[in-house]
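J.: here's my sequence, what's the structure:
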Amino acid sequence: QVQLVESGGGEVQPGGSLRLSCAASGTIFSIYAMGWYRQAPGNQRELVAVITSGGSTDYADSVKGRFTISRDNAKNTVYLQMNSLKPADTAVYYCHAHFVHPVFGTTNDYWGQGTQVTVSS
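T.: You can find the predicted model right below:
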């Protein structure tokens, strides 16, 4: 059974920084594309950042230049470094793992339980 466990959330003042971590177990971590999503109250879950198995990254426009996603395959962990945080970044942040079988095209998707990030003065 694949498990994703997030950590590192909390409360921070505007302009501050946090680093989220997501530790994966029960699978071959390196073959999965990993992503961070967030959901604020009353809003839909949105993609924040993604990193492929090959290390390519992409970001939502709202976080470009402020957030950095990275992965350590030796530790089965993906990170989200968040700098210059704004109140609009307040949300529950979820870790996501995605794999597409290269031959059969079947997909596997897994989610973490979420970690709260609150940016407030």
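J.: could you use CA atoms for every contact and neighbour count after this?
T.: OK.
J.: what helices or strands is the helix or strand of the chain with the lowest mean pLDDT leaning on?
T.: The least trusted helix or strand in the chain, going by mean pLDDT, DSSP states H and E, turns out to be strand 107-111, with a mean of 92. Counting contacts by 3 or more Cα pairs under 8 Å, 6 or more residues apart in numbering; DSSP states H and E, strand 107-111 packs against strand 3-7, strand 91-100.
J.: how about these in a markdown table, adding mean neighbour count, mean pLDDT and distance to residue 54?
T.: Output for those, formatted as a markdown table (neighbours: other Cα atoms under 10 Å; pLDDT from 0 to 100; distance: least, Cα to Cα, whole Å):
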| stretch | mean neighbour count | mean pLDDT | distance to residue 54 |
| --- | --- | --- | --- |
| strand 3-7 | 19 | 95 | 20 |
| strand 91-100 | 22 | 95 | 12 |
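J.: need those in TSV with distance to residue 56, can you?
T.: Listed next are the helices and strands packed on strand 107-111 as TSV, based on distance: least, Cα to Cα, whole Å:
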stretch	distance to residue 56
strand 3-7	21
strand 91-100	14
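J.: would you mind saying which of those lies nearest residue 30?
T.: With Cα to Cα, the closest approach to residue 30 among those belongs to strand 91-100: 10.0 Å.
J.: if I look at the residue nearest to the spatial centre of the chain, how far off is residue 11?
T.: Per Cα atoms, centre = their mean, the C-alpha nearest to the average position across the chain is that of residue 36, at 2.2 Å. Remark: distance between residue 36 and residue 11 (Cα to Cα, to the nearest Å) = 18 Å.
J.: ok, back up a step: residues in contact with the least confident helix or strand of the chain?
T.: Here strand 107-111 makes contact (Cα atoms under 8 Å, 6 or more residues apart in numbering) with 2, 3, 4, 94, 95, 96, 97, 98, 99, 100, 101.
J.: quick one: residues contacting the spatially closest residue to the residue nearest to the centre of the chain that is not a sequence neighbour.
T.: Distances taken as Cα to Cα, 6 or more residues apart in numbering place residue 95 nearest to residue 36, at 4.8 Å, with adjacent residues excluded. Applying Cα under 8 Å, 6+ apart, we find residue 95 in contact with 4, 5, 6, 22, 34, 35, 36, 37, 111, 112, 113, 114.
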